[in-house]
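Q: Quick check, what structure comes out for this input:
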Amino acid sequence: MPESTHPLIEPAETGTAHNTEQETPGEAKECTIPINLKSIALACIGQLLEDHEHSEVVSHEQRFLDDYYRPFRNLGPLEHQLHLYLQQPQAEDLGLVVLANKLRLDDLELLTIALALAVEVDPMVGRAIAYIQAPVGGSRPTVGLLESAFACLAKDNNDQWIGGAIVSGMAVRSGILNILNINAPLPEQSVQVPSAVALALYNKHFLWPGSRNFEHDNAVILPESIRAEAQQQAAALIDQANSILVIRSASLREARSVASEVCRYINVTPLFSSTDPSLLKGMGPLCLVNRRMPVFEYDIAPSETQYVAELPGYDGPRMVIIGPDGNIESLSGSLLQWTVPVPKQKEREALWERYLGDRDMAVRLAADHVHSAGRIMELAQLSFREARLNERLKPDDEDIRQAAWTAEEGSLGSLAQAITARIPDEALVLPDNTRQELLYLMQRCKSRESLDEELGITVKARYQMGVKALLVGPSGTGKTLVASWMATRLGLPLYRVDLASVVSKYIGETEKNLASLLARAEQSEIVLLFDEADSLFGKRTDIKDSNDRHANSQTNYLLQRIEFYKGIVLLTSNSRGRFDSAFTRRLDKVIEFSLPAPEQRRSLWQTHLGNKHNMSLKQLNQLAVGSDLAGGHIRNAVLSAAVQAKSNGRQIAFDDIVIGLESEYRKLGRQLPAEIKQYQSRQSTTG
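A: Got it, this is the predicted structure:
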């Protein structure tokens, strides 16, 4: 047949071939067959019926196959017809032909895929194949059938073993084809296009199992600086085969938005994929055909190394989303890392204003808080919910503050617990020098983002915006109270780290717990409080056994991680001598808390008792002078006195306080001071 009439047999515009066959004597039927990869593959099988012992059609299956072969009988060799068709394939086959070219599949593999695909979507194809393979095979083509049907494709190469070419070919290696019943002899093994691959080839919007599309409605609005860098990363990503971009961020939502922005510049669709190896086979061809870019999400410990999943048959770019810790390696291609930065203050202003619609509030929030783009979106959405709960149309500063607590509720799991008390300035009773040190620390926290802007190159080269402070002093001197006061002044949530949950006896688990905790805290901009931190950041010891080696390795990680921590962390301890010198060097401030002097103790008694008590100023002075307890013990004594007074239906009296003091001194293994007892005795006598 002249080449000009191909790829459609008759007529060229309809893409179908017409023929007339005799189903029964005296009865004619017109058959219309489209010319495509499926019809050529079925024609190859129908050709096998020419030597069939029956001279006439005896079954629907035979008639079906003969309908596909008959139009090709007078057109020349089928391998020649395939060659002509591939020069101008139909739209329905274009994706498969493009895929075959990208994977360098030969004609044998291409027709095998087309035939196996037809089985998955056309039940009559499966019936015909089962008929011709009976009694050995089923409805999916066996290697033996392919060997016979496609022998014409290999006749120019007499040494080619069709079965071996299929089993060891790229179609199988890439997951487009599966070999079933592999324990059977090779001719009886059948081929299958996995259902996911079949659906993906027929529908470019098909979602691969274990994967997810990106929901643009939930995308984080990215500032111009991050979008510009995403464009640069996209340009670098497509320069060479198998290139990988590792996106590091504590916010999964923000990282996905950044990955989608990179894909937008490359004009591909991100496919956020499962890392389960059993779900990856065949995904590479899908990404090639449907212009998808695989994006893998890994959650690994700081000391772990994760190799990026390989996709057989796919040599395009890949992306990886990971937190701040852990190592990523690749068996092929180049690997670049990008840590998503926090937007500058002006960009944060624009984001807050876009979400809240309040310019003045946006300026305040951007100046006071160093939030990422993802965090700003999260807090803005939650603040509107808080406003509606309080019957307001727009959120105010209190709604933003409450949203920050709500956002973290439960997100840190059992690793940290919220301390929600808001401590006003009046509740803080401290010596002047300690108060001055705290005010300096507060200023350091507020200016940490831009502190290095006007300083020298040596400072800028190694500047870290995180603030680390150690509050050291005897128990009960107000260290935890000060942490709550600072969080109140900064307008940030405060979380106390639960060391029992963080520390694990299993190697690597402590580091993993802390990495997760610190990453979330950085993203959320919360104040972390490590009470009795010397148990976690204590001195390294001489190595005597494997336990010492593990403990020192754990301490080394903590020292390094805390140095590069970008948030605010407060640590408390009873003694600075318990810390490793390398750790204290990394601290921005060490503030000493001493036992209160008499004047401070009187203020402590007054602030704890309030106004509703039945005690004179002289009695308060006696308590301040006669008892040398810290604020924590004074608090406990007041609570104990309140119980006594409430049970007797009266206000707190001096005798109630004495009962509470006796209890506190017993805890300390000491006797109540004689001055207090004597004063109580005199009060009873004169009363």
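
Q: residue contacts, the spatially most central residue of the chain?
A: Nearest to the geometric centre of the chain sits residue 252, at 4.1 Å (CA atoms, centre = their mean). Contact analysis of residue 252 by CB atoms under 8 Å, 6 or more residues apart in numbering lists 297, 321. Placement of C-beta: from N, CA and C, glycine included.

Q: Distance-wise, check it relative to residue 225.
A: According to CB to CB, to the nearest Å, residue 252 stands 21 Å off from residue 225.

Q: With residue 457 instead?
A: From residue 457 across to residue 225, the span is 22 Å (CB to CB).

Q: Settle it for me: which of the two has more neighbours?
A: Shown here are residue 457 and residue 225; by other CB atoms under 10 Å, residue 225 has more neighbours (13 against 7).

Q: isn't the more buried one right up against residue 344?
A: Yes. Taking CB atoms under 8 Å as the definition, residue 225 is a contact partner of residue 344 at 6.8 Å.

Q: Return the backbone torsion pair for residue 392.
A: With angles defined as degrees, to the nearest 10, residue 392 sits at phi -120, psi 150.

Q: mind listing what the nearest residue to it once chain neighbours are set aside touches?
A: Computed as CB to CB, 6 or more residues apart in numbering, the closest residue to residue 392 that is not its neighbour in sequence is residue 399, at 7.4 Å. Listed by CB under 8 Å, 6+ apart, the contact partners of residue 399 are 383, 384, 386, 387, 390, 392.

Q: buried sites along stretch 275-283?
A: 279, 280, 281, 282, 283 (16 or more other CB atoms under 10 Å).

Q: Tabulate those residues (JSON lines), appending secondary structure and pLDDT.
A: Below are the buried residues of stretch 275-283 laid out as JSON lines (DSSP: H, G, I helix; E, B strand; the rest coil; pLDDT from 0 to 100):
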{"residue": "279", "secondary structure": "helix", "pLDDT": "83"}
{"residue": "280", "secondary structure": "coil", "pLDDT": "86"}
{"residue": "281", "secondary structure": "coil", "pLDDT": "85"}
{"residue": "282", "secondary structure": "coil", "pLDDT": "85"}
{"residue": "283", "secondary structure": "helix", "pLDDT": "89"}
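
Q: Could you measure from residue 670 over to residue 633?
A: On the measure of CB to CB, residue 670 and residue 633 end up 11 Å apart.

Q: related to what we said a few turns ago, now the contacts of residue 399: which count as buried?
A: Buried among the contacts of residue 399 (16+ other CB under 10 Å): 383, 384, 386, 387.

Q: Most widely separated two among those?
A: The most widely separated members of those are 384 and 386, with 7.3 Å between them, by CB to CB.

Q: Return every residue with contacts to both of those two.
A: Joint contacts of residue 384 and residue 386 (CB under 8 Å, 6+ apart) are 395, 399.

Q: SS state for residue 33?
A: Taking DSSP: H, G, I helix; E, B strand; the rest coil as the rule, one finds residue 33 in the strand state.

Q: Could you tell me how many residues sit around it?
A: Residue 33, neighbours per other CB under 10 Å, totals 21.

Q: What's the separation between it and residue 45?
A: 14 Å.

Q: okay if I get the contacts of residue 399 as JSON lines plus secondary structure and distance to residue 491?
A: Below are the contacts of residue 399 laid out as JSON lines (DSSP: H, G, I helix; E, B strand; the rest coil; distance: CB to CB, whole Å):
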{"residue": "383", "secondary structure": "helix", "distance to residue 491": "13"}
{"residue": "384", "secondary structure": "helix", "distance to residue 491": "18"}
{"residue": "386", "secondary structure": "helix", "distance to residue 491": "14"}
{"residue": "387", "secondary structure": "helix", "distance to residue 491": "17"}
{"residue": "390", "secondary structure": "coil", "distance to residue 491": "18"}
{"residue": "392", "secondary structure": "coil", "distance to residue 491": "19"}
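
Q: Export those residues as CSV, with columns for pLDDT.
A: Formatted as CSV, the contacts of residue 399 follow (pLDDT from 0 to 100):
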residue, pLDDT
383, 92
384, 93
386, 90
387, 91
390, 87
392, 89
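
Q: And what about residue 496, helix, strand or coil?
A: strand.

Q: Show me which of residue 670 and residue 633 is the more surrounded one.
A: Taking other CB under 10 Å, residue 670 and residue 633 do not tie; residue 633 has more neighbours (21 against 11).

Q: residues contacting the more buried one?
A: Counted by CB under 8 Å, 6+ apart, residue 633 has contacts 476, 664, 667, 668.

Q: And it, how far from residue 659?
A: Taking CB to CB, one finds residue 633 at 14 Å from residue 659.

Q: for residue 67, same thing?
A: 103 Å.

Q: go on, residue 394?
A: 52 Å.

Q: picking up where we left off before, list the residues that contact both of residue 33 and residue 45?
A: By CB under 8 Å, 6+ apart, residue 33 and residue 45 have these common neighbours: residue 68.
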